[in-house]
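In: I would like the atomic coordinates for the input below:
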Amino acid sequence: MDLEPASSPKSPLVVKKSALSVSTFNESFEVLFGAYIDETPHSDQEDAEIEANEPTPALPVPQVISGKTVPLTRYTWEEFPAPGSAEGNTVHIDRSTSGNVATQPKHDNTKPMISFVTANSSSNDVAEETAFEDEEVHLPSGQHLLIDIRHVSPSFLNSQHALATAMITLINESELTLLSYHCHSLVPVGVSCAGVLLESHIAFHTWPTEGVITLDLFTCGAKPLIPIVGSIERLFAVPPTLEERLAYGGKLNGNPLETSMVWSHKLRGFREEFSEGYDSMDNPLDYGLGHEVLNRLTFDLKDEVVSTATKFQHVDIFDVMEVPFRSYAFYQKSIARADDEITDSYEYCHPELFKPDRVLYLGGVLQSSFLGDAPYHEALVHPVMIAHHNPRRVAIIGGGEGATLREVLKHNTVEEVVMIDIDEELISLAKEHLKEWNDCSDLIDSNVQSCFDHPKASIYFCDAMKWFIDRFNDKSNDEMKFDVIIMDALDPNDAVDIVDELYTNTTFLQSLYNGLHDDGAFIVQLGEAPRLKSPPDEYGSFQNRARVIHTLESLGMETMHPYAEGHSGFFAPWTYLGAFRDGSMRSTWYRNPTEVDLQIEQRIFKTKSGSNPLRYFDGTSMQNYQIPPKSFEAIQCLIRPVECSVSNTESTRRVYSPFYERRFSYAKSDRSKQASYNLDDVNTSDEELMKITDRSGKMDFRRKSYSSSLLFSRGLIGDVSNGPNTKAVVTRKVTTSV
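Out: The predicted structure follows:
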C-alpha cells in the first residue's frame, strides 16, 4: 500500500505480511495504521532490500544554544540485533558554527557494533579543546520529572520524527543541552527514545494504539524543572485528529478523547551531606509542597496557578484533584461544552460541587485549601465570637488570603476590623487567585466584591508585632482596644525565625493582652493536634504551643479553651485556643446547641442569595468544640500528673486545664446562673423561635435549658421531660404553630 495520512509524516515502519497479519489488529487499528503496513508478501532478501532502500527521513539535529559552552565529551555505543525494532537512529549534537546537518547512517542490526568516539574526532561532534569552566557547582543531587499523558494522537505517537522534533524543542526551550539521542521505531507500532543531556538524560516510550506516552527527564543542575511542565504538555499532549476521532467513534480505548496528563517532580540524590548549611525546611521542593503535591503521581489533575516569591515568602497556588476525594471524570462532565451530550447531567448543572481543590502554600507549608476553607476559618472565628456578647472592634494578625476577614464581617455587631499583614503582595495574589476566600459580595450589608475593600475593614501592611507593641505596650490606650484579637499567622512549629517571636515574645503577647477590653477574647490557631502517644508539648516539636499557653495564663487570662477541627483540609485535625480575660465568659462558651443556633440567627448577616451564610459552623459543631480533645488531656497529665489524680479538682484547677474541662466543667457550668445570657430576657417573637428550632432541628430535648423552657412556657413545644418521644410531640406542635 502506498498510502500516507495527510496529518503526519510518513513513518519508516515496514511490517512483513508473513510475520504479522493485518487481521491481528482491531478495526480501529487498521483504519489508523493500515497506511503504514506493507501487505505485499516478500522474501527475507526482498524485505532486506526494501528496508535498505526505504528513504529514512532526516531526524532533527540538536544545536548548541547561543552563548552556551559545551564541554568535551566521549561517546561510546554498542548495538545488538533487535528483532522487535524496525529501525534505530542515533543523532549527535551539531557543534559546528555553520549548523549543517550531517547525513545519519543507518545502523546494521545484523551484528554487534562497538565504537569509541572522542569529541574532536567525530564529524558531527566538533569542539575546540578549551578548558570548560562550569560556573555552577554540581552536587550529587538532581531533579526528576515523571510525566504520563493519555488520549494522545496515535499518529503523533508513532512518528519518530515528530517525537524527536518535540523533544529537541523542549530541550531548547528549557535551555538544556542535548548531546545525542537514540530512537527506535518498534514492531508493530510505538517509539522509544533516549537522549543524553549535558545535565543528565531524557527518555520516553509510546503506545500509539492506547494513545499513551510516558516520559522522564532528569537533570543534575539547579535550574527548576517545574516551569517546563507546561511546555511538555503543549509539545507532547497532541490531541487526536478528526480522522482519528472518527475511527474510534469519538473515543480512544473507550475513553473520551480529551488529553490529560499526570506528573511528578522529585528531588533526587543527597544535599545535606554535600551542601554546607543546606536545610530541607528552607526548600519548598524538599518540604511540604514537594512531599504533599509535587512528588505525587496520584493526582488526576495538578495545575500550577501561580508560583512566585514576594518580598517576604514564596507563594505557590495549585489546583489539584485526587481520587477518591474528587473524580476527574465527573469534573470533565461539569465543564462540558454546551453542544455536548452530557449537558443535562447532574455534574453539568452543579459544577461547583466537582471543582478541583485549590491549595495555598507559603514557604512550602500548606496554609489553606478550597475544600477546607469553611471548616478551618469558621472554626477559627465563630466559636469565640459567638461566645462574646457584643464584639464590635476586631483585630486580625495575618490571614492574608482574606477568609478570616470574611468570617468576621458576617457578624452584625462588628463596626471595625483591623487587619495587619506584612505581605501586601500576598493580598494582591489572593484577590486575583483566591477570590472565594475573600468574597463578600453575597452579604446583605456589602456592596463590594472583595472583603479587602469592605468599608468596615482597615488593612495595614506592616509588622503586626511592632504595630501592637507600639500601641499597647502599656494599658493606657483605651480608645483603640479590641473586643476580639485573632492571630491567624504561621503554625507554631514552623521552622521560621519569626514564628518563635510570634509565640514566645512576652512583650508582644503582653501587648495583645493590653489591647483587649476587660471582657475581650484572644483566638490563636495552634497547629496540628497532638496524638495520644505524643510527648508533652514542652518536650516535643510543639514547644511554642506550650509557651504561648503558659504565657497567656500568666498574663491574666481567666479561662482558656483548646478545641480541634478535623475537616480543615490538612493532614491531621487542627487545633485552636480561645482565651478570655473575663471568667464569666465560661457560661456563654458552654451554651447548648439551640442557644448557639439562636445566637447565630440573631448575629450573622443574611445573604442576598438566600443561602446559609455559615457553611460549616452551627450549634452542634460548637458542642464538639466545647470539650477539649482527649489528646490535650493526655499530654497535660504527662506534665502535671498531680492535677489529674486529686479528687478535688476545684482546689488545683488551673486556668488552662483540659483535664478539668473534659471531666467537670461542662457538668458544672451552672446554667441556672447564666445571668449574662438568659433567653427569657431576649426580645424574640414566637415565630422566630420556632423558625430557629424548626430550621436547625438540633434541640437537645433530653436536657432542660433556657431555650427549651422558654419555648415550653410559651406553649410552642410539648413537655421536654418525655425523653426520646418528645420529638414526635414537638413535630406536631411545630406543624400546627407554623
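In: Pretty sure residue 492 sits against residue 503.
Out: Yes. Judged on C-beta atoms under 8 Å, residue 492 makes contact with residue 503 at a distance of 4.9 Å. C-beta coordinates here come from the backbone N, C-alpha and C atoms, glycine included.
In: Overlap of the contact sets of these two?
Out: 544, 545, 548 (C-beta atoms under 8 Å, 6 or more residues apart in numbering).
In: What number of residues are in the vicinity of the last one?
Out: Right, residue 548. Counted by other C-beta atoms under 10 Å, the residues lying close to residue 548 total 23.
In: Going forward, count from 51.
Out: Yep, numbering from 51; the last one is residue 598 now.
In: separation between it and residue 683?
Out: Computed with C-beta to C-beta, to the nearest Å, the distance linking residue 598 and residue 683 is 19 Å.
In: What of the second one?
Out: Going from residue 595 to residue 683 by C-beta to C-beta gives 15 Å.
In: out of the two, which sits in the busier spot?
Out: residue 595 (25 against 21).
In: How about the contacts made by the more buried one?
Out: 542, 543, 553, 576, 577, 587.
In: Surely it forms part of a strand?
Out: No. Under DSSP: H, G, I helix; E, B strand; the rest coil, residue 595 falls outside any strand and is assigned helix.
In: mind checking how far it is from residue 424?
Out: For residue 595 relative to residue 424 (C-beta to C-beta), the value is 24 Å.
In: same deal with residue 278?
Out: 36 Å.
In: Same check on residue 144?
Out: For residue 144, the distance to residue 424 - C-beta to C-beta - is 58 Å.
In: Let me see the confidence value for residue 127.
Out: Residue 127 carries a pLDDT score of 68 in this model.
In: Does residue 110 fall in a helix, a strand, or a coil region?
Out: coil.
In: Just to check, it is in contact with residue 214?
Out: Yes. Between residue 110 and residue 214 there is a contact under C-beta under 8 Å: 5.6 Å.
In: quick one: contacts for the nearest residue to residue 465 once chain neighbours are set aside?
Out: When the adjacent residues along the chain are set aside, residue 465 lies closest to residue 442, with 4.8 Å between them (C-beta to C-beta, 6 or more residues apart in numbering). Remark: with contacts taken as C-beta under 8 Å, 6+ apart, residue 442 is in contact with 463, 464, 465, 466, 533.
In: could those go into a markdown table alongside secondary structure?
Out: Shown next, in a markdown table, are the contacts of residue 442 (three-state DSSP):
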| residue | secondary structure |
| --- | --- |
| 463 | coil |
| 464 | coil |
| 465 | coil |
| 466 | strand |
| 533 | strand |
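In: quick one, helices of the stretch 501-650 of the chain?
Out: Using DSSP state H, counting those that start in this stretch, the helices of the stretch 501-650 of the chain run over 514-522, 547-554, 556-564, 593-605, 635-639, 643-653.
In: where among the ones you listed is the average confidence lowest?
Out: Minimum mean pLDDT among the helices of the stretch 501-650 of the chain: helix 547-554, a mean of 77.
In: Name the residues of that one that are buried.
Out: 549, 552, 553, 554 (16 or more other C-beta atoms under 10 Å).
In: Next, the angle from that helix to helix 593-605.
Out: 30 degrees (axes from the mean of the first three to the mean of the last three C-alpha atoms, to 10 degrees).
In: which outside residues touch helix 547-554?
Out: 515, 537, 539-543, 558, 594-595, 597-598, 601.
In: distance between that helix and the chain's centre?
Out: Taking C-alpha atoms, centre = their mean, to the nearest Å, one finds helix 547-554 lying 25 Å from the centre of the chain it belongs to.
In: which non-adjacent residue is nearest residue 488?
Out: residue 452 (2.7 Å).
In: Now for residue 335: which residues touch it?
Out: Applying C-beta under 8 Å, 6+ apart, the residues near residue 335 are 193, 276, 315, 317, 344, 414.
In: go on, residue 488?
Out: Contacts of residue 488 by C-beta under 8 Å, 6+ apart are 451, 452, 453, 455, 456, 480, 481, 500, 501, 502.
In: tally of neighbours for the residue nearest to residue 324 when sequence neighbours are not counted?
Out: In this structure, residue 324 finds its nearest non-sequential neighbour in residue 189, 4.9 Å apart by C-beta to C-beta, 6+ apart. Residue 189 has 16 neighbouring residues, counting by other C-beta under 10 Å.
In: pretty sure residue 189 is touching residue 318, no?
Out: No. In this structure, residue 189 is not within contact of residue 318 by C-beta under 8 Å, at 10.8 Å.
In: if we can go back for a sec, top of the contacts of residue 595 by neighbour count?
Out: That'd be residue 553 among the contacts of residue 595, by other C-beta under 10 Å, with 28 neighbours.
In: distance of that residue from residue 416?
Out: With C-beta to C-beta as the criterion, residue 553 and residue 416 are 19 Å apart.
In: What of residue 572?
Out: 24 Å.
In: what about these two, which has more around it?
Out: Taking other C-beta under 10 Å, residue 572 and residue 416 do not tie; residue 572 has more neighbours (26 against 19).
In: quick one, what contacts that one?
Out: 534, 535, 536, 537, 562, 563, 566, 602, 607, 628, 629, 630.
In: Tell me the bridge partners for the first one.
Out: The partner list for residue 534 in beta bridges (DSSP bridges) reads residue 444, residue 571.
In: And for the last one?
Out: Residue 630 has the following beta-bridge partners by DSSP bridges: residue 571, residue 609.
In: Any idea how many residues pack against residue 436?
Out: 23.
In: Quickly find the element holding it.
Out: Assessed by DSSP states H and E, residue 436 sits inside helix 423-437.
In: rewinding a little: of all the shared contacts of residue 542 and residue 553, which comes closest to residue 614?
Out: residue 595 (12.6 Å; C-beta to C-beta).
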